[in-house]
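give me a 3D structure for the following:
(chains A and B)
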There are 2 protein chains.
Amino acid sequence: MSGEAAFIAALRGLATHPAARGLADDCAVLEVRGETLVLTHDMMVEGVHWLPGQDPADVAWKLLATNLSDLASKGAEPLGVLLGYTLAADNAGFAGGLGAALAHFGVPLLGGDTVRNPGPQTLGLTALGRATHLPVPSRSGAQAGDGIWITGPVGGAMLAFEALRAGNTSADTSAYRRPVPRLAEGRALAPLVTAMMDVSDGLLLDATRMAEASGATFALDPSAMPLPVALPPERRRDALSWGDDYELLFTLPAGILPPCPAHRIGTVTPRADAPLLLGGAPPEGPLGYEHC
Amino acid sequence: MSGEAAFIAALRGLATHPAARGLADDCAVLEVRGETLVLTHDMMVEGVHWLPGQDPADVAWKLLATNLSDLASKGAEPLGVLLGYTLAADNAGFAGGLGAALAHFGVPLLGGDTVRNPGPQTLGLTALGRATHLPVPSRSGAQAGDGIWITGPVGGAMLAFEALRAGNTSADTSAYRRPVPRLAEGRALAPLVTAMMDVSDGLLLDATRMAEASGATFALDPSAMPLPVALPPERRRDALSWGDDYELLFTLPAGILPPCPAHRIGTVTPRADAPLLLGGAPPEGPLGYEHC
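Residues are numbered from 1 along each chain as shown, chains lettered A, B, ... in the order given. As a prediction, the model looks like this:
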């Protein structure tokens, strides 16, 4: 991992423009003559970000949805996407799925590139949006006393992934295959939040990142966590550190209620020794999916 | 190739927004509240777009330069880039080279993503720019009577690639390793040209594409082609169908001279049977590097 960590550190050293937000946020935020653009680029690799053999229409959906989720976390309105595609066995399935997903979210395909790559399929997508509220939410604004909220349950993608991997065709695996970016929620929340991000790598890890960025401690209430009805009790802790749910995690000043369905899961406190407390103590075990 | 061609056709069917320019131009051109954004995303794959074992600093340079060349062909001013990176053996070399290239061109790194991919390294870069002149040049505006021009020689990258592949360490292989996007030339030309593109896939192929897009025939004069001094006479035809030179190909109304160094290589004529004539006849043999 040291080569990887060093590479990310080197890129951060290059990304000195304020629009890059130190490569520590979900998106770049670039002002261009009175307009505020929001940009993100996320990649997906076969066998890493999806199961080999998965329906390529689902892969297309997820590639688009995960990038739009980054825009959602900024309260941004999507303007269009560019696709980076390596050819696979079933390209028609991907194209059809991408078309359906673009139509569903009302986002135009603006451009991109297609290449041959003899290895696992490697996809990239750039999403461009415009801010609907200034300042554009970041991860770093949470204040002691704020409530900590999340737009929906975590753990659904975990259960869906496990069912898909097990070949359980009767299970509803859409939570893993077809995440829904919280675009409307992000826009409604942007004027109110002190900090916001999407939960892609695990709630405990992403909450830790937001707490660190804000110089605060996030005190989470384990009994308040929204969890899928079908979650077995012994998997509650796993659900908190699995990713891929793409709900929005945000903080609101005390007394402010969210304008969309959401669950209050804790309170921001002045920075203590640990950035994250779960039921009063730093959580043991993995916090989430650590990657670059 | 049919799966590939069908995929591209399917994407074109999706890209109905005018900003996408039918995926038939070098860039997307998107108007956002009085600003005209220019966007491109190009990929590079180890063993396809560069030789395995090449200096990763050169790979970083080329990844940036080829995308900036697309902006150059629109006369656009670069605003920033997002990187899609798969980890390799020498990530530090890439980061260092990218930093040097970004500094050279004065372009900020805004964001991106880094993933692991067990196959050949697969890179993507999104470049964002703003138009400096409206309308933004396209490939489709060449008119009968226009002169056909190019900013510099073709064939240099071919010779450099062959020397690099042969392990000829005394040769200057920079034409292949470190192409120079014609950003200043593109900006100077944008207000004057009737059509413009960069030559990435071979002069004859790219000229054919511009002729087809313009509904015209391009009559090229073989004796007027700018070629490297070192080019052996028997390689002249090869030089016209090799790519990777990243010069700008453009058309100017009769009587207009370019404001930068350039070579006149032919004349646009009304559309004849063939879109391209070389010395009065359609060229035989390959026109360039056909890919998606």
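
state which helix of chain A is the longest.
helix A:56-72 (DSSP state H).

so what secondary structure elements neighbour it?
strand A:35-45, strand A:76-86, helix A:91-105, strand A:122-131, helix A:174-177, helix A:183-189, strand A:195-198 (3 or more CB pairs under 8 Å, 6 or more residues apart in numbering or on different chains; DSSP states H and E). Just so you know, the C-beta spots here come from the backbone N, C-alpha and C atoms, and that holds for glycine as well.

let's have the ones you listed in a markdown table, adding distance to chain B, mean neighbour count and mean pLDDT.
Putting these into a markdown table (distance: least, CB to the nearest CB, whole Å; neighbours: other CB atoms under 10 Å in any protein chain shown; pLDDT from 0 to 100) gives the following:
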| stretch | distance to chain B | mean neighbour count | mean pLDDT |
| --- | --- | --- | --- |
| strand A:35-45 | 4 | 24 | 97 |
| strand A:76-86 | 4 | 25 | 98 |
| helix A:91-105 | 4 | 19 | 97 |
| strand A:122-131 | 4 | 27 | 98 |
| helix A:174-177 | 18 | 21 | 96 |
| helix A:183-189 | 17 | 21 | 98 |
| strand A:195-198 | 14 | 26 | 98 |
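
so which of these comes closest to residue A:262?
With CB to CB as the measure, helix A:183-189 is the member of the helices and strands packed on helix A:56-72 nearest residue A:262 (7.7 Å).

could you say what helices and strands that closest one packs with?
Using 3+ CB pairs under 8 Å, 6+ apart: helix A:183-189 touches helix A:56-72, strand A:76-86, strand A:248-252.

distance to residue B:91 added to these, as TSV?
Listed next are the helices and strands packed on helix A:183-189 as TSV, based on distance: least, CB to CB, whole Å:
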stretch	distance to residue B:91
helix A:56-72	23
strand A:76-86	19
strand A:248-252	30
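
which of the ones you listed sits closest to residue B:227?
Ranked by CB to CB, the member of those that lies closest to residue B:227 is strand A:76-86, at 33.6 Å.

chain center to that closest one, what's the gap?
16 Å (CA atoms, centre = their mean, to the nearest Å).

list the neighbouring strands of it plus their orientation.
strand A:109-115 (parallel), strand A:122-131 (antiparallel) (DSSP bridges).

any idea of the angle the longest helix of chain A forms with strand B:109-115?
140 degrees (axes from the mean of the first three to the mean of the last three CA atoms, to 10 degrees).

name the nearest residue to whatever residue of chain A ends up closest to chain B, ignoring sequence neighbours.
Closest contact between chain A and chain B, by CB to the nearest CB, is at residue A:119 (1.3 Å). Distances taken as CB to CB, 6 or more residues apart in numbering or on different chains place residue B:119 nearest to residue A:119, at 1.3 Å, with adjacent residues excluded.

distance from stretch A:14-34 to the middle of the chain?
18 Å.

now it: buried residues?
Applying a neighbour-count criterion of 16 or more other CB atoms under 10 Å in any protein chain shown, one finds A:14-15, A:17, A:19-21, A:23, A:25-30, A:32 buried in stretch A:14-34.

the longest helix of chain A: which residues count as buried?
Applying 16+ other CB under 10 Å to helix A:56-72 flags A:56-72 as buried.

stretch A:222-241 now?
A:225, A:226, A:227, A:228, A:231, A:235, A:237, A:238, A:239, A:240, A:241.

what of stretch A:137-145?
Counting neighbours by 16+ other CB under 10 Å, stretch A:137-145 gives A:137, A:138, A:139, A:140, A:141, A:142 as buried.

tell me the backbone dihedrals of the second one, please.
Here is the backbone geometry of residue A:138 (degrees, to the nearest 10): phi -130, psi -170.

related to what we said a few turns ago, just send the strands paired with strand A:76-86 back as CSV, with distance to residue A:172 too.
Compiled in CSV, these are given as follows (distance: least, CB to CB, whole Å):
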stretch, distance to residue A:172
strand A:109-115, 29
strand A:122-131, 25
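
what's the closest of the ones you listed to residue A:52?
Between these, strand A:122-131 lies closest to residue A:52; by CB to CB that is 13.2 Å.

send the alpha carbons of that closest one over as PDB?
The C-alpha atoms that make up strand A:122-131 are tabulated as PDB, following Å, rounded to 0.1, in the frame of the first residue of the first chain:
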ATOM      1  CA  THR A 122     -11.700  -0.800 -16.800                       C
ATOM      2  CA  LEU A 123     -14.300   2.000 -17.000                       C
ATOM      3  CA  GLY A 124     -14.200   5.700 -16.200                       C
ATOM      4  CA  LEU A 125     -16.800   8.300 -16.200                       C
ATOM      5  CA  THR A 126     -16.500  12.100 -15.800                       C
ATOM      6  CA  ALA A 127     -19.600  13.900 -14.500                       C
ATOM      7  CA  LEU A 128     -19.900  17.600 -14.900                       C
ATOM      8  CA  GLY A 129     -22.500  19.600 -13.000                       C
ATOM      9  CA  ARG A 130     -23.300  23.100 -11.900                       C
ATOM     10  CA  ALA A 131     -23.700  24.200  -8.300                       C
END
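
and whichever helix or strand comes after it, how far out from the chain middle?
Downstream of strand A:122-131, the next assigned helix or strand under DSSP states H and E is strand A:147-150. Offset of strand A:147-150 from its chain centre (CA atoms, centre = their mean): 16 Å.

name the helices or strands packed onto strand A:147-150?
strand A:248-252, strand A:263-270.

direction included, what does it pair against?
For strand A:147-150, using DSSP bridges, the partner strands are strand A:248-252 (antiparallel), strand A:263-270 (antiparallel).

can you list these in CSV and add mean pLDDT?
As requested, the strands paired with strand A:147-150 are exported to CSV (pLDDT from 0 to 100):
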stretch, mean pLDDT
strand A:248-252, 98
strand A:263-270, 98
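
quick check: end-to-end length of stretch A:234-252?
31 Å (CA to CA, to the nearest Å).

relative to its centre, which residue of chain A is most distant?
Each residue of chain A has a distance to the centre, and by CA atoms, centre = their mean the biggest one is for residue A:118: 29.1 Å.

that one falls within a strand, correct?
No: Residue A:118 is assigned coil when assessed by DSSP: H, G, I helix; E, B strand; the rest coil, not a strand.

can you pull the contacts of it?
Shown in contact with residue A:118 (CB atoms under 8 Å, 6 or more residues apart in numbering or on different chains): B:47, B:119, B:120.

same question, residue A:245
Contacts of residue A:245 (CB under 8 Å, 6+ apart): A:152, A:153, A:154, A:155, A:156, A:157, A:175, A:179, A:199, A:200, A:203.

swap the cut-off to 7 Å and go again
Counting by CB atoms under 7 Å, 6 or more residues apart in numbering or on different chains, residue A:245 touches A:154, A:156, A:157, A:199.

quick one, which of the residues you listed are buried?
Looks like these have A:154, A:156, A:157, A:199 buried, using 16+ other CB under 10 Å.
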